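>>> sequence and predicted structure are below.
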Amino acid sequence: MPHRLHADAVTLGYDQRTISTDLSVNILDGSFTVIVGPNACGKSTLLRALSRLLVPSTGQVLLDNTPIHALPGKEVARRLGLLAQSATAPDGITVADLVARGRYPHQSFLRQWSPADEQAVSAAMAAARVSELGERLLDELSGGQRQRVWIAMVLAQQTPIMLLDEPTTFLDIAHQIELLELLARLNREGRTIVAVLHDLNQASRYASHIIAMKDGAIVAQGAPAEVFTESLVERVFGLASLIIADPVTGTPLVVPKPRVPA
């Protein structure tokens, strides 16, 4: 059965270069879906198509059974939030002003800034732990701080579906875990989360559904215990590994084997 967000037989690429052909995928409602795969396998390209940033040359992406490109941008932004891999902001913008832009989809001629918007921004900044940075210029912040500010902006959007392209980039390990715990909590509260991650063990620990890609195609999908097998890791990543149970969560833990015997 189709879910709220799905791609139907899409062909994706840039200019004359095709990345994926006849690709179909359902984003399971209420899931924490993580897309994994080697570099340049099509993970971010798929996420861009799902978010309406990339128009398929064939096929279509549907949001609530409507072709996503037939919907007004503001309407899409009320249903679907995106943290892009290389987000840009105007020069001289403060943290608070950037996070407040997450409320733009909820504004209209008849509905201007409201206490509900103020509350949403404050809650998002607190969740991303950037409240104390509100008056700082974005340009003054470290890479990790900026990443948390972008995350706060997406949180302020308060959409039922969130797409995040490598959200742990620039974050140290403590902030990576903090962010993933936050996403897991939002998922438990009912949001559908889709993220591109490179760390297989983080994906295994936090995701409820894994999509593994290689060469623009989906080669496996399912629960982490179904996808993360020694044969799959070697097939997709060319990496010999041992799969053991995570001693904390019991989820699959990928232990790489040395490429050259000691």
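That came through, no problem. Numbering: from 1, shown residues only.

>>> now do the strands in the stretch 51-200 of the chain.
Secondary structure of the stretch 51-200 of the chain (DSSP state E, counting those that start in this stretch): strands located at 58-63, 66-67, 80-83, 161-165, 192-196.

>>> now tabulate these in CSV and tack on distance to residue 6, mean pLDDT and mean neighbour count.
C-beta: built from backbone N, CA, C; applies to glycine. What follows is those, written out as CSV (distance: least, C-beta to C-beta, whole Å; pLDDT from 0 to 100; neighbours: other C-beta atoms under 10 Å):
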stretch, distance to residue 6, mean pLDDT, mean neighbour count
strand 58-63, 6, 97, 18
strand 66-67, 11, 96, 12
strand 80-83, 13, 94, 23
strand 161-165, 11, 96, 24
strand 192-196, 11, 97, 24
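
>>> dump these to CSV, plus distance to residue 139.
Formatted as CSV, those follow (distance: least, C-beta to C-beta, whole Å):
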stretch, distance to residue 139
strand 58-63, 34
strand 66-67, 38
strand 80-83, 19
strand 161-165, 22
strand 192-196, 26
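
>>> wait, which of those is closest to residue 30?
Distance to residue 30, taken as C-beta to C-beta, is lowest for strand 192-196 among the strands of the stretch 51-200 of the chain, at 5.8 Å.

>>> which helices and strands does the closest one pack with?
Judged by 3 or more C-beta pairs under 8 Å, 6 or more residues apart in numbering; DSSP states H and E, the packing partners of strand 192-196 are strand 32-36, helix 43-50, strand 161-165, helix 173-188.

>>> so how far is residue 218 from the closest residue to residue 181 other than its chain neighbours?
Distances taken as C-beta to C-beta, 6 or more residues apart in numbering put residue 206 closest to residue 181, at 8.0 Å, once the chain neighbours are dropped. Going from residue 206 to residue 218 by C-beta to C-beta, to the nearest Å gives 20 Å.
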